[in-house]
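K.L.:
Whatever this is, show me its structure:
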Amino acid sequence: MKMINLYSDSIVAYTPVENRECQRNIHLDWICGLLIIHMIGGHIAQFMHERYILDSVFFFFMPWFFFKSGMFHKIKKEDVIIIKSAKRLLIPFIVFSLIGELFLMFKLIGLERYTLSEFGIRVFKYAIYNGICEGNLPLWFLLTLFMDKICFNLLQLKQISHVSIIIGSFLVAIFLRYLKINFPPYCISFFTGLFFYSMGFYLKNFQYSRWLFFLSILAVLSITLFMPTFINMRDSTVRYGNFVIWFPYALSGIIVINNLVKNIPYLLNISLIIKIGQNSMPIYVTHWIILSIVEIVLMLIGVQSRSVFMWVMIFACIIVLPLLTYFINRYCKSVVGV
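P.N.:
Here you go, the predicted structure:
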């Protein structure tokens, strides 16, 4: 049986999930899809200046993506990995950062009365200090992941042990976090990302051992009970809890969800979540732009109701994101690193 799939670049033959398991790690696609949905919900809340209650559930959200990337790292020559990683990560980062900046320019100059020079100064200062463009904030992950991949690969070529990389990145991240100096956010997120990336490489198969799964469940329950912690990984802001505790807490959460989804096959029957996970890049790089456009349009027509903002943003993502993903997959895959 064939069906049209907006999350693909063609008409695809439908096959049961279990038959596709041999082609890729479907349980990781499922988790990725779930976390992408969580991400969009959190960013809608951010646009509305509201706290997102599910942050306390998915406290391992961003570390999971670094961990998953590390799981599939293959040691390559320096020039090979730089070129390949640039195509997959830097091109989407640059293209969709610039698109985001265009809409930010329209908002600030058209609606908030910035002059062109004021806008330019703001963009320059923000990019220098934060390492990202203000018009598409979530893309910090792509740049940080690019640097972590290159650094990890270089350390492996230099035959630095996995344990040394893990302990070193952990200690440097803590040192920078508690040093009384206002470092740019990417200085700390680079090392936290390297920690989880290295752990993903090291624990790729070992994470599924029963005793490690049991210990991780115990750690998650204990920390949740006595010191629940949530860190904004981009700027290392401690919303609540403890920065040091967050490392084993997030790592344990990653191991728990990877094991749970892998061993509950019924979840994998929710094919929509899997498709979202398999198309996470186009969704990831475009959703903030869609939310920005909705905000601009609603501001132009004078809408002030928060509930209207929320529902319009939700419906815009439900309707526009699949169409945009289909378009990108069909006509311009290269802009999302494919």
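
K.L.:
ok, now which ones touch the residue nearest to residue 106 when sequence neighbours are not counted?
P.N.:
In this structure, residue 106 finds its nearest non-sequential neighbour in residue 296, 6.5 Å apart by Cβ to Cβ, 6 or more residues apart in numbering. No exception for glycine: its C-beta is placed from N, CA and C like everyone else's. Applying Cβ atoms under 8 Å, 6 or more residues apart in numbering to residue 296 gives the contacts 103, 106-107, 111.

K.L.:
Just the ones of those in helices?
P.N.:
Counting by DSSP state H, the contacts of residue 296 place residue 103 in helices.

K.L.:
ok, of the contacts of residue 296, which one's closest to residue 173?
P.N.:
Nearest to residue 173 out of these is residue 103 (Cβ to Cβ; 33.1 Å).

K.L.:
The closest residue in space to the closest one that isn't next to it in sequence: helix or strand, and which one exactly?
P.N.:
Closest residue in space to residue 103, ignoring its immediate chain neighbours: residue 292 at 4.9 Å, by Cβ to Cβ, 6+ apart. Using DSSP states H and E, residue 292 sits in helix 280-300.

K.L.:
what about the residue lying closest to residue 256 once chain neighbours are set aside, how many residues close to it?
P.N.:
Once flanking residues are discounted, residue 256 sits nearest to residue 216: 5.0 Å by Cβ to Cβ, 6+ apart. The number of residues packed near residue 216 is 21, by other Cβ atoms under 10 Å.

K.L.:
Residue 75 too?
P.N.:
Applying the criterion other Cβ under 10 Å, we find 10 residues in the vicinity of residue 75.

K.L.:
ok, it - contacts?
P.N.:
Counting by Cβ under 8 Å, 6+ apart, residue 75 has contacts 153, 156-157.

K.L.:
hmm, 6 Å instead?
P.N.:
residue 156 (Cβ atoms under 6 Å, 6 or more residues apart in numbering).

K.L.:
Let me see the backbone angles for it.
P.N.:
phi -70, psi 130 (degrees, to the nearest 10).

K.L.:
how far away is residue 24 from residue 185?
P.N.:
The spacing between residue 24 and residue 185, counted by Cβ to Cβ, to the nearest Å, is 33 Å.

K.L.:
ok, those two, which is more surrounded?
P.N.:
Legend: neighbour count by other Cβ under 10 Å for residue 24 and residue 185, higher for residue 185 (20 against 12).

K.L.:
check contacts around that one.
P.N.:
Neighbouring residues of residue 185 by Cβ under 6 Å, 6+ apart: 130, 234-235.

K.L.:
export those to TSV and tack on distance to residue 282?
P.N.:
As requested, these are exported to TSV (distance: Cβ to Cβ, whole Å):
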residue	distance to residue 282
130	24
234	21
235	26
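
K.L.:
Okay, and which of those residues map to helices?
P.N.:
Here DSSP H is the test, and those give residue 130 as lying in helices.

K.L.:
least trustworthy helix or strand in this protein by mean pLDDT?
P.N.:
Every helix and strand in the chain was compared by mean pLDDT, DSSP states H and E; the lowest is strand 11-13, with a mean of 33.

K.L.:
roughly how far is the helix or strand where residue 127 lies from the heart of the chain?
P.N.:
Using DSSP H and E, residue 127 maps to helix 116-130. When C-alpha coordinates are averaged (Cα atoms, centre = their mean, to the nearest Å), helix 116-130 and its chain have centres 24 Å apart.

K.L.:
How about residues contacting that helix?
P.N.:
With Cβ under 6 Å, 6+ apart as the test, helix 116-130 has contacts from 105, 108-109, 133-134, 184-185.

K.L.:
Pick out whichever of the residues you listed sits closest to residue 62.
P.N.:
Using Cβ to Cβ, residue 185 is the member of the contacts of helix 116-130 that lies nearest residue 62, at 12.7 Å.

K.L.:
In a markdown table: the contacts of residue 185, plus neighbour count.
P.N.:
Formatted as a markdown table, those follow (neighbours: other Cβ atoms under 10 Å):
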| residue | neighbour count |
| --- | --- |
| 130 | 16 |
| 234 | 20 |
| 235 | 13 |
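
K.L.:
thinking again about what came up before, and the contacts of residue 296, which are buried?
P.N.:
Among the contacts of residue 296, those classed as buried by 16 or more other Cβ atoms under 10 Å are 103, 107.

K.L.:
So which of the contacts of residue 296 sits lowest on pLDDT?
P.N.:
Among those, residue 111 carries the weakest pLDDT, at 78.

K.L.:
Which stretches in the stretch 101-250 of the chain count as strands?
P.N.:
For the stretch 101-250 of the chain, applying DSSP state E, counting those that start in this stretch gives strands covering 230-232, 237-240.

K.L.:
Partner strands of the last one, with direction?
P.N.:
For strand 237-240, the pairing partners within the sheet under DSSP bridges are strand 230-232 (antiparallel).

K.L.:
in the strand it pairs with, what counts as buried?
P.N.:
Neighbour-count burial for strand 230-232 flags 230-231 (criterion: 16+ other Cβ under 10 Å).

K.L.:
Check stretch 185-200 too.
P.N.:
Buried residues in stretch 185-200 (16+ other Cβ under 10 Å): 185-186, 188-200.

K.L.:
for that stretch, what is the average pLDDT?
P.N.:
94.

K.L.:
and the residue nearest to the spatial centre of the chain, what helix or strand is that in?
P.N.:
Closest to where the C-alpha atoms of the chain average out (Cα atoms, centre = their mean) is residue 62, at 5.3 Å. In this assignment (DSSP H and E), residue 62 forms part of helix 61-71.
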